[in-house]
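Asks: prediction below, plus the sequence it came from.
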Amino acid sequence: MPFNKALKPLALAISLGTLSLGAQAAAEQYFPLQSYRIGPYAAGGTGFFGGFIDYLQYVNANGGVNGVKLTWSECETEYVVEKGVECYERLKKGLNGAPAAATNPLSVGIAYATLDRSTADKIPLITINHGRTDSTDGRVFPYAFPLQLNPYSEVSAIVNYIGQQVGGLDKLKGKKIVTLYHGSPYGKETNEVLEKLAAKYGFALTLLEVPHPGNEQQSQWLNIRRIQPDYVILRGWGVMNPVALKTAQKLGYPTDRIIGNIWSNSEDDAAPAGAAAKGFISITTHPSGTGFPVLQGIKKSVVDAGKGNLADPKRFGTVYYNLGVVNGILNVEAVRIAQARFGNKPLTGEQVRWGFENIRLDDKRLKELGALGLVQPLKLSCADHEGGGAVRFQQWNGQEWKLISEWVQADRALLRPIIEASASKYAKEKGITPRDCAKEI
Amino acid sequence: MFYSEAGQFSTRYAADRRLFRLRRDRLGLGLLLVFAFAVVPQIGNDYWFSAILTPFLVLSLAGLGLNLLTGYAGQLSLGSAAFMAAGAFATYNFQLRIEGLPLLASFALGGVVAALLSLVFGLPSLRIKGFYLIVSTLAAQFLVPWALVKYGWFSNYNASGVISAPRLDVLGLDLSSPAGRYLLTLGIVVALAFLARNIVRSELGRNWMAVRDMDTAAAVIGIPLARTKLLAFAISGFYLGVAGALWAFTYLGTVEPHGFDLNRSFQVLFIIIIGGMGSILGNFLGAAFIVLFPLLLSNLAGLLLGGLIDPGQLENIQKMIFGALIIVFLIREPEGLARLWQQFRARLRRWPLRY
């Protein structure tokens, strides 16, 4: 009877699942990884989680964090929200007694769906370079961290850069900018603030949506050809990016007028478009390259030892991989800082959150970490869960990315009131009382 | 031996017409409900409530909605997810815009909105049948998410078009905990499943089956085709709408229009194909298969093979195994898991005799 046969492994899995929770407590800090290695966004997922895991291995190879070893396990989400939620619930309890430090789903949809859960379970939710913008306000969102660069800062920096290119922000008046965005919560996140910036600087803004996953963009680019914009901001993700570049070339839009955002900035976005990508500009917070001391360290103690996580070793030092490394650095740094206060032992999510809120990365510390130039200086606080807000611009020369600008800062003072207004609206809808940051130590 | 009718006599017509005529059925179902309502909340943990039981129940309800339309009334549809989306967003807006409206009333109103929408998209069924009807319901699948994205009003002008659930309060009880969400879902699903079982045994249900089996013959014997078909669409839409609202509110706690894309419609369709068309129980079996099996595979793969194989390949292998299992099940029993259960019962009845 097939049905009976089906029940046996089910019972087995249930009993195993409960057993594994009750094992002995080890002196380890656990990272639950909601990774995605298959599906349309596998390129991003394998690179990011490869870099993240390799950095954790590197830390372990050098004795862990003050003697506390790091451990992790993966659960495949395929970038699908309900799978991500399932993985969150599966992994949040920790592994063999090692408590979970923070979750890093690398998906806005999953981050949205686990936001309330993270707050209730007191586990930090890290959305590096993406996430819900108003979660920058740590008073309302105590456990969400859009580290380095939230979506509003990202577009603000792009608009500032375009302003530099046309000779000053006042010259933006009358210019035409099209934003081509991925049809997902992530893609739509910035539409509102773009409209505000358009109203402030007087440029004409057209928002065009590309349905997920974005492998058909003919009509959007025909529209762009009709509008003849001065710049196109590409807010893409995964397969949408090379398709956009190819379609642009087919319809004769100049590539060096297309500015890719933080998720359109990897080798995997530009290279598949071949010659069509040459001249494509994008922003980055984490330059590619293998020259940084921390990457050399990973190469020596992890990759050369045959333990590297990447299936294709050629991707070592690429944009997604380096972002994973940056994410690893920030997560581990938060653990280290929290240990200084709570003791050198495995910490709870609540304690690690304190660590995140007290991240202070200056040039000196970055040099110690071997990540000077790879990570921007960061200073987080109870109220500010972002910390940085600067990007550099890079251009694809057909083979690799070349940096073409210094750090361009977002207008964070302009954005903060918008973020606070949005956060307090959320707090009201949800009945949350914002924390008083003066009382946090 | 088991499930034998021997000795159970109906002495009144009412006894003959009850929902479950066999005493063992009633007893078994009663025990199951007691277990689900009273025991499971005691022994379950967050993972079981939020990641397994709640989506299983919600998808069962969605399957039930489609099964009423496709399995009983014979109208093919690929718009299930669109009606779920309509229900979810309608419920959200009723909660948001009408102060003090009870949550259950919002769910019901969300279902009604989805029912009306479904009715509109059911109109072509009066003229076209089969695969052509699929195309017209497919229109709903594209139109509804598009409208929800296009007009910010539906998501209260949220920047990214994502709605998030309000507090879950029913009659003053706070049901926001995972166990509370599970109980709320369970309560609604059980009530609607009983209602569905009643409907399919009523005159309407019998009309549906007549239309399904041959609509010309049904028209000849005096069944009003238009009314019957449209009611099927509306009632199915109501069930799907409530399922969508539960998906958004008790399961994920947040939802974006693209969470209800064509893949979700296919998922619901697969549930009823695998579970069994024209069966109430089949929806639960089908949903269990679709929800639990991938999880089981993934947990087992992690335990047995974790670290041995590249994680990406491990995922692909699971997909292959799951696909192969679907094929095996459908070859062994094309009429679905519900049919297997029936055969199992028939065997029990004869046991220990073989023939």
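Replies: Done, it's in.

Asks: from A:Pro146, how far off is A:His385?
Replies: 6 Å (CB to CB, to the nearest Å). To be clear about C-beta, it is placed using only N, CA and C from the backbone, and glycine gets the same treatment.

Asks: how about residue 134, what does it touch?
Replies: Going with chain A. Applying CB atoms under 8 Å, 6 or more residues apart in numbering or on different chains, we find A:Asp134 in contact with A:Val140, A:Phe141, A:Ile419, A:Glu420, A:Ser422, A:Ala423, A:Tyr426.

Asks: chain B was what I was after
Replies: Listed by CB under 8 Å, 6+ apart, the contact partners of B:Ile134 are B:Leu76, B:Ser77, B:Leu78.

Asks: helices of the stretch 251-400 of chain A, start to end?
Replies: Secondary structure of the stretch 251-400 of chain A by DSSP state H, counting those that start in this stretch: the helices cover A:267-270, A:293-298, A:319-342, A:349-357, A:363-369.

Asks: including mean neighbour count, could those go into TSV?
Replies: Formatted as TSV, the helices of the stretch 251-400 of chain A follow (neighbours: other CB atoms under 10 Å in any protein chain shown):
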stretch	mean neighbour count
helix A:267-270	25
helix A:293-298	20
helix A:319-342	24
helix A:349-357	23
helix A:363-369	14
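
Asks: got these as a markdown table, with distance to chain B and mean pLDDT columns?
Replies: Conversion of the helices of the stretch 251-400 of chain A to a markdown table gives the following (distance: least, CB to the nearest CB, whole Å; pLDDT from 0 to 100):
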| stretch | distance to chain B | mean pLDDT |
| --- | --- | --- |
| helix A:267-270 | 15 | 88 |
| helix A:293-298 | 19 | 94 |
| helix A:319-342 | 14 | 94 |
| helix A:349-357 | 15 | 94 |
| helix A:363-369 | 27 | 92 |
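
Asks: so which residues of the stretch 151-300 of chain A form strands?
Replies: Secondary structure of the stretch 151-300 of chain A by DSSP state E, counting those that start in this stretch: the strands cover A:176-183, A:204-211, A:231-235, A:258-260, A:281-284.

Asks: out of those strands, which gets nearest to A:Gly297?
Replies: Judged by CB to CB, the one of the strands of the stretch 151-300 of chain A that comes nearest to A:Gly297 is strand A:281-284, at 21.5 Å.

Asks: in PDB, could you pull the C-alpha coordinates for the closest one?
Replies: What follows is strand A:281-284 as a C-alpha-only set of coordinates in PDB (Å, rounded to 0.1, in the frame of the first residue of the first chain):
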ATOM      1  CA  ILE A 281      27.500  51.600 -15.200                       C
ATOM      2  CA  SER A 282      26.400  50.400 -11.800                       C
ATOM      3  CA  ILE A 283      26.800  51.200  -8.200                       C
ATOM      4  CA  THR A 284      28.500  49.100  -5.600                       C
END
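
Asks: and it, what does it pack onto?
Replies: Taking 3 or more CB pairs under 8 Å, 6 or more residues apart in numbering or on different chains; DSSP states H and E as contact, the helices and strands that strand A:281-284 lies on are helix A:151-166, strand A:258-260, strand A:390-396, strand A:401-403.

Asks: ok, residue 336 - contacts?
Replies: In the absence of a named chain, chain A is used. A:Val65, A:Asn66, A:Gly355.

Asks: think we crossed wires, I meant chain B
Replies: The contact partners of B:Gly336, by CB under 8 Å, 6+ apart, come to B:Ile272, B:Ile273, B:Ile274, B:Gly275, B:Gly276, B:Met277, B:Ser279, B:Gly282, B:Leu285, B:Gly286.

Asks: show me the residues you listed that map onto helices.
Replies: The subset of the contacts of B:Gly336 located in helices under the criterion DSSP state H comprises B:Ile272, B:Ile273, B:Ile274, B:Gly275, B:Gly282, B:Leu285, B:Gly286.

Asks: and the nearest residue to the fourth one once chain neighbours are set aside, how many neighbours?
Replies: If the residues on either side of it in the chain are set aside, B:Gly275 comes closest to B:Gly286, at 2.3 Å by CB to CB, 6 or more residues apart in numbering or on different chains. Summarising burial for B:Gly286: neighbours were counted as other CB atoms under 10 Å in any protein chain shown, giving 30.

Asks: if I look at B:Gly286, how far off is B:Leu269?
Replies: 10 Å.

Asks: for the stretch 151-300 of chain A, which residues are neighbours of chain B?
Replies: Proximity of the stretch 151-300 of chain A to chain B (CB under 8 Å from any CB of the partner chain) is limited to residues A:183-193, A:209, A:212.

Asks: out of these, what pair is the most spread apart?
Replies: Greatest spatial distance among those (CB to CB): A:Val193 and A:His212, at 21.5 Å.

Asks: more neighbours: the two, which one.
Replies: Between A:Val193 and A:His212, counting by other CB under 10 Å, A:Val193 is the more crowded of the two (23 against 20).

Asks: tell me the contacts of that one?
Replies: Neighbours of A:Val193 in contact, by CB under 8 Å, 6+ apart: A:Thr133, A:Pro151, A:Tyr152, A:Val155, A:Ser156, A:Leu415, A:Ile418, B:Ala159.

Asks: for those, pick the one with the most neighbours.
Replies: Using other CB under 10 Å as the neighbour definition, the contacts of A:Val193 reach their maximum at A:Tyr152, which records 31 neighbours.

Asks: isn't A:Gly39 right up against A:Ser107?
Replies: No - taking CB atoms under 8 Å as the contact criterion, A:Gly39 and A:Ser107 are not neighbours in contact, 10.8 Å apart.

Asks: common neighbours of the two, please.
Replies: Residues within reach of A:Gly39 and of A:Ser107 at once, by CB under 8 Å, 6+ apart, are A:Tyr79.

Asks: give me the more crowded residue out of these two.
Replies: A count of neighbours by other CB under 10 Å puts A:Ser107 above the other of A:Gly39 and A:Ser107, at 29 against 16.

Asks: for the more buried one, which non-adjacent residue is spatially closest?
Replies: A:Tyr79 (5.3 Å).

Asks: can I assume that neighbour sits in a helix?
Replies: No - when DSSP: H, G, I helix; E, B strand; the rest coil is applied, A:Tyr79 is found to be coil, with no helix at that position.

Asks: separation between it and A:Ala101?
Replies: When distance is defined by CB to CB, A:Tyr79 is 22 Å away from A:Ala101.

Asks: swap in B:Pro166?
Replies: As defined by CB to CB, B:Pro166 lies at a distance of 31 Å from A:Ala101.

Asks: where does the stretch 151-300 of chain B have low pLDDT?
Replies: Residue ranges of the stretch 151-300 of chain B with pLDDT under 70: B:159-160.

Asks: spell out which residues of it are next to chain A.
Replies: B:159-162, B:164, B:166-167, B:251-254, B:256, B:258-259, B:261, B:292-293, B:295-296, B:298-300.

Asks: one step back: from the contacts of B:Gly336, which is closest to chain A?
Replies: Lowest distance from chain A to these (CB to the nearest CB) belongs to B:Leu285, with 8.8 Å.

Asks: the closest one: neighbour count?
Replies: Residues near B:Leu285, counting by other CB under 10 Å: 23.

Asks: same deal with B:Ala217?
Replies: Close neighbours of B:Ala217, defined as other CB under 10 Å, add up to 11.

Asks: tell me where the stretch 251-355 of chain B has strands.
Replies: Shown for the stretch 251-355 of chain B, the strands assigned by DSSP E, counting those that start in this stretch span residues B:254-255.

Asks: not counting its neighbours along the chain, what's nearest the closest residue to chain A within it?
Replies: Among the residues of the stretch 251-355 of chain B, B:Gly312 lies nearest to chain A; the distance is 3.5 Å by CB to the nearest CB. The spatial neighbour of B:Gly312 that comes closest, neighbours along the chain excluded (CB to CB, 6+ apart), is A:Arg37 at 3.5 Å.
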